[in-house]
Each structure stands twice: as C-alpha cells, then as structure tokens.
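Asker: Need a 3D model of the sequence below.
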Amino acid sequence: LRFYWWRFNGGGLAWGTLTGLSGAILQRIFFPELSEFQTLGVALASGFSGCSIGTYFSRPTDPKVLINFYRKTRPFGFWGPLKDSLNDKERIVVRNEHFRDLISVPFALVFQVGMFLAPMLFIIHNFDGFWAVTSITLVGLGGLWYFWLRHMDKAEKENEIFDEPSEDPEAS
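Answerer: Next comes the predicted model:
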C-alpha cells in the first residue's frame, strides 16, 4: 500500500502485519478445512483491515517527507493531495512516465516469463518450444525498448525539474 496510497504509514504497516498474521493463525485453528483460496482471502481481509485501521489511528507522515518521497518515486495510485503539490510541468512529466510504464507492463511480463521459460525448454531439448518462446520473448523485449527504454534519456533530462526546490504546499 505504501506505493499506492499517500496516507499509509508505519502504524498501518505494523497493524496490518499483526492482524494478517493473527487472522491466518486463527483461521488455521478454528477453520482448518478452508481451501487455499479461502485461506488467502481471510489473511488478505484481516491484513487489509488492520492496515486501514492502523493507518487512521496513527499520526500521518510528515507532509514534507511525503512530498519528497512523491517527487523522487512518483508512484501510481491515490496520491491526489501530493500530485496537487507539483507544478504543471512536473505533472506532465509524471503523467507521461506513468503512461509509458502502464503501456510497458504487458511487454515486461511477456519478456520476464519468456526469459524464465526459454532456458528450461532448451535444457529439456524442446527446441520447437524454445524457438517459439524465444521469438515471443524478443517481441516483449522490442515492446519494452519501444515504449520504455528508448525514452530513458529523455526521462533523465525531465527528472532535472524535480531537483529544483518545490513550492511548499502549506505556504499557499
């Protein structure tokens, strides 16, 4: 959650971990017959509930720390109050970066799975499968280059605007 929700903090992490573990242990004690899918649901629901409750019952993170984190990391998700602290030029850079990242995800998944499968197919001497997976992996690599990697030099230059001091949102 820390990369998707601006309000999430250490209290939410601690309580989420505690309640998720407790929920999983209690489920195994009282309902051991549940399927793996149901067990995962119990752990996720209890952990997410603990995260939410812990986040709201603990102090928010210092806004200066959050703004610094957002300006350096530029995560996806629910960061509206911090997005508003960016100037128009910075918002355009963040929006373009997020767009390129989202477009690249399918290609990255294809590339990663192909990099995993191709050597295994080669080792078991399934050469037809190896060449098919290698071809698909190269398509994934091509997509990554086209939508993401070739923009890296431009992105480095755009990142220089984030090195300039930002406006203090509390001053306005």
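Asker: all contacts plus neighbour counts: C-alpha atoms, from now on.
Answerer: Fine.
Asker: thought residue 60 was touching residue 7?
Answerer: Yes. The pair residue 60 / residue 7 is scored as a contact, 6.4 Å apart, by Cα atoms under 8 Å.
Asker: The two: who's more crowded?
Answerer: Taking other Cα atoms under 10 Å, residue 60 and residue 7 do not tie; residue 7 has more neighbours (19 against 15).
Asker: Next, the buried residues of the least confident helix or strand in the chain by mean pLDDT.
Answerer: Here the helix or strand of the chain ranked lowest by mean pLDDT, DSSP states H and E is helix 152-159, holding a mean of 76. Neighbour counts over helix 152-159 (16 or more other Cα atoms under 10 Å) mark 155, 158, 159 as buried.
Asker: And the longest helix seen in the chain, what does it pack against?
Answerer: Scanning the chain for the longest helix, with DSSP state H as the assignment, gives helix 88-123. The contact analysis (3 or more Cα pairs under 8 Å, 6 or more residues apart in numbering; DSSP states H and E) places helix 88-123 against helix 127-147.
Asker: packing partners for the helix it packs on?
Answerer: The helices and strands touching helix 127-147, judged by 3+ Cα pairs under 8 Å, 6+ apart, are helix 88-123.
Asker: May I have the phi/psi pair for the residue of the chain positioned farthest from its centre?
Answerer: Using Cα atoms, centre = their mean, the residue of the chain lying farthest from its centre is residue 125. It sits 36.4 Å away. Here is the backbone geometry of residue 125 (degrees, to the nearest 10): phi 60, psi 30.
Asker: what sits against residue 123?
Answerer: By Cα atoms under 8 Å, 6 or more residues apart in numbering, the contact list for residue 123 is empty.
Asker: Check the gap between it and residue 116 for me.
Answerer: Residue 123 is 12 Å from residue 116, where distance means Cα to Cα, to the nearest Å.
Asker: next one: residue 71
Answerer: For residue 71, the distance to residue 116 - Cα to Cα - is 34 Å.
Asker: And the two? Which one has more around it.
Answerer: Legend: neighbour count by other Cα under 10 Å for residue 71 and residue 116, higher for residue 71 (21 against 13).
Asker: Need the phi and psi values for residue 78.
Answerer: Main-chain dihedrals, residue 78, degrees, to the nearest 10: phi -90, psi 80.
Asker: can you pull up the bridge partners for it?
Answerer: Residue 78 has the following beta-bridge partners by DSSP bridges: residue 5.
Asker: got a list of what it touches?
Answerer: Residue 78 sits next to 4, 5, 6 when contact means Cα under 8 Å, 6+ apart.
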